[in-house]
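[1] need coordinates for the below:
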Amino acid sequence: MATFTVGGLSTGIDYNDLIAKLIEAKRQPINILEKKKTSYNNKITQYSNLSSKLSSLKSAADKLKTSSNFYAKSVAVSDATVLDATVTSSAGIGNYSVTVTTLASEEQEVHSGVAASTTVINNSGSSKVFQYTYAGTQRSLTVVNGTTLEGLRDLINDDTSNPGVTATIVNDGVGATPYRLILKGNDSGSTKTITIDAGTTLDGTGSTTNFTSSTFTQKKTAADSDITIDGLQVKRSGNSITDVISGMTITLEKDGAVSSKITVTADRDAIKEQINDFVTAYNDVVDLIAANTDYNSTTKVSGVLTGEGTARNIQNKLRSIISGTVSGQPSDMNILAQLGITTDSETGKLEVSSSTLETKLSADLTDVATLFTTATNGVANQIYDYITEITSTVDGSITLREKGLQDVIESIDSTIRNMEYRLDQTKDDLVRRFTALESLISGFNSVGSFLSNFSKMA
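    Residues are numbered from 1 along each chain as shown. I've put the predicted structure just below:
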């Protein structure tokens, strides 16, 4: 919009300053709306922060809400040279006896060798073929005239349809032909065999080097791992076995009918850590709500979420769950306080008696678990389900409140736009009026000057 100015030569009045002050006075309702808009945006920001803290609490509850998650496990092996084992929380507690008879291996075929890596293996004047099969897939490679041993290696490795064989050249320093082409399967297992096939025409005739099957020696045989777990024979294509004992990965290290025992136990230290993480996440939520609903008596300023029913309801519900009784539990293990997890009456935050918790975990681990994991009213299950409900992106109470606040902000924006338009119109009108006034006064001044001069002449 164009900017107009009003001169004040006739009256000595700064009309532009006067108009600016009049407009600023009329802008006060807009300023009030801008402050409200800022307040609503701050509420949305804090609800977003609250959702983030609740998400962390939900994740902590998830680690406690089912038996498979609650019972953090530790694993030990009696002979780490034979095997290694790792477990997740779903692994069953117990002892497992494992005997390793054979390790899985990949196949390795070694050629009889040539004098140098740059030795030309096809000097026949025409192209030849090197043909092999790996894991049931056959490849026939064209070996052009002049190809060296290095060239054959690269031909195999650079083949875009290579089924899983790596070719290398090794100089073992033995005899007049120490440079040997080695073909190695990339994967272990009895099906991953390598054969040099009859279609190979690099056969040692017509100025070629013999690369038929008779010139290769099998140094390693493709084989499955063969182990026995508690009397049950198990064969797998690899040495990392994940599908025999639920929640356990067994990595085989040595074979030869050697044995090791695997022991899986409940890891009480890890369980205690999970419970402490849950408490910390809960307290983070409490801290955020408290910080945003507190009233500062010194500054006379209330928190961003003061008076917000949504935040207050969340706070009250979480406290109710935390302090509630879990039905079906023994009378001495049906509330968190009996674990040594109590609520500070002033802050609402949870406090943990480490010694009490340790004692309960050692003496009543099963009852401690069900206090959290009972499907209908276990503490962790209730927290998890409640947070899932209120943070739903469709109809969660936080989502709906944020949407409501955003709708208010959009309404304020619309109102401000209309008020700004009317202010612009008012300013234009004032400019016109004061311009007309200045013109009128200028005319009166001219008449006065004329009359004054006239009287002096008379």
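
[2] right, and the helix or strand after the helix or strand encompassing residue 275?
    According to DSSP states H and E, residue 275 maps onto helix 268-293. Downstream of helix 268-293, the first helix or strand assigned by DSSP H and E is strand 295-296.

[3] which other helices and strands contact the helix or strand following that following strand?
    Downstream of strand 295-296, the next assigned helix or strand under DSSP H and E is strand 301-302. Packing partners of strand 301-302 (3 or more CB pairs under 8 Å, 6 or more residues apart in numbering; DSSP states H and E): strand 295-296. Backbone N, C-alpha and C define where each C-beta goes, glycine included.

[4] am I right that residue 286 is in contact with residue 346?
    No. In this structure, residue 286 is not within contact of residue 346 by CB atoms under 8 Å, at 11.5 Å.

[5] out of the two, which sits in the more crowded spot?
    residue 286 (21 against 6; other CB atoms under 10 Å).

[6] so what's that one up against?
    315, 318, 347-350 (CB atoms under 8 Å, 6 or more residues apart in numbering).

[7] out of those, which is most surrounded?
    In terms of neighbours by other CB under 10 Å, those top out with residue 318 at 22 neighbours.

[8] got the contact list for that one?
    282, 285-286, 383, 386.

[9] at 6 Å what do you get?
    Counting by CB atoms under 6 Å, 6 or more residues apart in numbering, residue 318 touches no other residue.

[10] report the angle between the helix or strand containing it and helix 268-293.
    Per DSSP H and E: residue 318 is located in helix 309-323. On the basis of axes from the mean of the first three to the mean of the last three CA atoms, to 10 degrees, helix 309-323 is oriented at 150 degrees to helix 268-293.

[11] may I see the buried residues of helix 309-323?
    310-311, 314-315, 317-318, 321-322 (16 or more other CB atoms under 10 Å).

[12] now do stretch 322-332
    Neighbour-count burial for stretch 322-332 [16+ other CB under 10 Å]: 322, 326, 329.

[13] which residues sit against it?
    Counting by CB under 6 Å, 6+ apart, 334-335, 367, 371, 374, 377 sit against stretch 322-332.

[14] one more: stretch 218-229?
    Contacts of stretch 218-229 (CB under 6 Å, 6+ apart): 96, 98-105, 107-110, 189-190, 192-193, 234-237, 239, 252.

[15] switch to 8 Å and redo it
    96-110, 182, 184-185, 188-194, 233-239, 241, 244-245, 250, 252, 255.

[16] start to end distance for it?
    31 Å (CA to CA, to the nearest Å).

[17] do the same with stretch 285-305
    13 Å.

[18] equivalent analysis for stretch 317-337, please.
    End to end - CA to CA - stretch 317-337 spans 17 Å.

[19] try stretch 345-362
    Using CA to CA, the two ends of stretch 345-362 sit 28 Å apart.

[20] let me know the average pLDDT across that stretch.
    Across stretch 345-362, the average pLDDT comes to 95.

[21] now swap in stretch 104-122 and tell me
    98.

[22] which parts of the stretch 351-458 of the chain are helices?
    Taking DSSP state H, counting those that start in this stretch as the criterion, the stretch 351-458 of the chain carries its helices at 354-363, 365-373, 379-390, 397-457.

[23] could you dump these into a markdown table with distance to residue 165 added?
    Listed next are the helices of the stretch 351-458 of the chain as a markdown table, based on distance: least, CB to CB, whole Å:
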| stretch | distance to residue 165 |
| --- | --- |
| helix 354-363 | 54 |
| helix 365-373 | 51 |
| helix 379-390 | 50 |
| helix 397-457 | 56 |
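
[24] to residue 206, which of those lies closest?
    helix 379-390 (75.9 Å; CB to CB).

[25] report how many residues lie close to residue 366.
    Residues lying near residue 366 (other CB under 10 Å) number 11.

[26] quick one on the thing from earlier: which members of the contacts of stretch 322-332 are classed as buried?
    Buried among those by 16+ other CB under 10 Å: 334-335, 367, 371, 374, 377.

[27] mind giving me CSV with those residues and columns for distance to residue 178?
    Listed next are the buried ones among the contacts of stretch 322-332 as CSV, based on distance: CB to CB, whole Å:
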residue, distance to residue 178
334, 78
335, 78
367, 71
371, 71
374, 72
377, 76
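
[28] quick check: the farthest pair among those?
    367 and 377, at 14.6 Å, using CB to CB across the buried ones among the contacts of stretch 322-332.

[29] measure the residue nearest to residue 317 when sequence neighbours are not counted to residue 334 for me?
    Excluding its sequence neighbours, the residue lying closest to residue 317 (CB to CB, 6 or more residues apart in numbering) is residue 386, at 6.2 Å. Residue 386 is 19 Å from residue 334, where distance means CB to CB, to the nearest Å.

[30] quick one on the thing from earlier: and the contacts of stretch 322-332, which is closest to residue 38?
    residue 377 (42.1 Å).

[31] any idea what sits nearest the closest one, other than its immediate chain neighbours?
    Per CB to CB, 6+ apart, closest to residue 377 is residue 326, 5.4 Å.

[32] next one: phi and psi at the one you found?
    Backbone torsions of residue 326, given as degrees, to the nearest 10, read phi -90, psi 110.

[33] likewise the one 3 residues further on?
    Per-residue torsions, residue 329: phi -90, psi 160 (degrees, to the nearest 10).

[34] so for it, what's the pLDDT?
    93.

[35] ok, now residue 15?
    Reported pLDDT for residue 15: 69.

[36] same deal with residue 5?
    Value listed for residue 5 in the pLDDT field: 53.

[37] tell me what residue 132 is bridged to.
    Beta-bridge partners recorded for residue 132 (DSSP bridges): residue 139, residue 196.

[38] that one contacts residue 139, doesn't it?
    Yes. When contacts are counted by CB under 8 Å, residue 132 is listed as touching residue 139 (6.1 Å).

[39] and those two? Which one has more around it.
    Neighbours per residue (other CB under 10 Å) separate residue 132 from residue 139, with residue 132 holding more: 24 against 17.

[40] give the contact list for residue 312.
    residue 293.

[41] kindly apply the preceding question to residue 209 instead.
    Here residue 209 is in contact with 114, 119, 121-122, 149, 202 (CB under 8 Å, 6+ apart).
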